[in-house]
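> Compute the structure for the input listed below.
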Amino acid sequence: MNAYEKHVLPWLIHLGMRSKAERAERARFVPLASGSVLEIGFGSGLNVPFYGSKVRTLFALDPSLELWKIARGRVARAPFPIEFLPASAERIPLGDMAVDGVVTTWTLCSIPDPAQALTEMRRVLKPEGRLIFVEHGRSPDPEVRRWQDRLTPLWRRVAGGCHLNRQIDDLVVDAGFHVRRIERAYTRGPRAFSYLFKGIATPPANRPGGGDTHA
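You can find the predicted model right below:
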């Protein structure tokens, strides 16, 4: 890890993820979590104020100790215990079926092996558990996709490995999840950076009848 990644990038991530549009999405989806929750890419704890009263404990997984240090104020004010897991999402240090929910927001873009990470998320979820996700990714518009493909090689070098062009919905389904609710839409900002996939998915052992919800 070089000096930029250790000292500058954590603060850029913290400041860059505090927009009004992002707060609105956090406010919609993070409160859906309950029970014992694992957050993938905890970062500087920006989701903490949005968790509801039904959360018993939160496992905060992130490989960045620097971001955890930034998060300590929010952690101290949380009404539930938060345990820091300094690990990568490809190898989650929890047992099988350990949590009721997994939350991932603007994180799958930067995980080196998102398919393996999602397989791990499925492993640690209880059969009745839910994956709650808000992620940016590949646009359906050809011109925007071309820009995403052009920008990604440079962008991932300066933005902590962030890929602009991952097909998030396919990654979730390919990992064995059943998508229960999904919304796909642009949020505010340049279109190459702002196409969102938002929704809820369940592990394969939890497949009650009924179709998916699309928006």
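> Go ahead and report the secondary structure state at the nearest residue in space to residue 136 that is not next to it in sequence.
Once its chain neighbours are removed from consideration, residue 136 has its nearest residue in residue 196; the separation is 5.5 Å (C-beta to C-beta, 6 or more residues apart in numbering). Placement of C-beta: from N, CA and C, glycine included. Using DSSP: H, G, I helix; E, B strand; the rest coil as the criterion, the local structure at residue 196 reads strand.
> Hmm, residue 196 is touching residue 182, no?
No - with contact defined as C-beta atoms under 8 Å, residue 196 does not count as touching residue 182 (10.4 Å).
> just the strands in the chain please.
35-40, 55-61, 82-85, 99-105, 125-136, 178-186, 195-202, 213-214 (DSSP state E).
> tell me what the first one is packed against?
Same thing as strand 35-40. Counting contacts by 3 or more C-beta pairs under 8 Å, 6 or more residues apart in numbering; DSSP states H and E, strand 35-40 is packed against strand 55-61, strand 99-105, helix 114-124.
> One more: the fifth one?
Other helices and strands packing on strand 125-136, by 3+ C-beta pairs under 8 Å, 6+ apart, are helix 20-29, strand 99-105, helix 168-174, strand 195-202.
> for the second one, the distance to its chain's centre please.
Spelled out, that is strand 99-105. Remark: strand 99-105 is offset 8 Å from the chain centroid, using C-alpha atoms, centre = their mean, to the nearest Å.
> Taking strand 55-61 as reference, get the angle to it.
Between strand 99-105 and strand 55-61, the angle formed by their directions is 50 degrees, by axes from the mean of the first three to the mean of the last three C-alpha atoms, to 10 degrees.
> if you compare the helices and strands packed on strand 125-136, which one is most tucked away?
Comparing the helices and strands packed on strand 125-136 by mean neighbour count (mean count of other C-beta atoms under 10 Å), strand 99-105 comes out on top with a mean of 24.
> Specify the angle between that strand and helix 114-124 in degrees.
150 degrees.
> And for strand 99-105, what's in contact with it?
Identification of contacts with strand 99-105 by C-beta atoms under 8 Å, 6 or more residues apart in numbering yields 25-26, 29-30, 32-41, 47, 59, 121, 124-126, 128-135.
> what residue ranges in this protein score low on pLDDT?
Filtered on pLDDT under 70, the chain yields the residue ranges 1, 7, 11, 205-215.
> max-length helix in it?
With DSSP state H setting the assignment, residue counts place helix 142-158 as the longest helix in the chain.
> before we move on, the earlier item: nearest to residue 147, out of the helices and strands packed on strand 125-136?
For these, the distance to residue 147 is smallest for strand 195-202, at 11.2 Å, taking C-beta to C-beta.
> Would you mind pulling up the elements that that closest one packs against?
Contacting strand 195-202 under the criterion 3+ C-beta pairs under 8 Å, 6+ apart are the following elements: helix 20-29, strand 125-136, helix 168-174, strand 178-186.
> so it versus helix 114-124, what angle?
Relative orientation of strand 195-202 versus helix 114-124 (the same axes, to 10 degrees): 30 degrees.
> which outside residues touch strand 195-202?
Residues lying outside strand 195-202 but in contact with it, judged by C-beta under 8 Å, 6+ apart, are 25, 28-29, 32, 128-140, 144, 168-169, 172, 177-187.
> Thanks a lot, see you next time.
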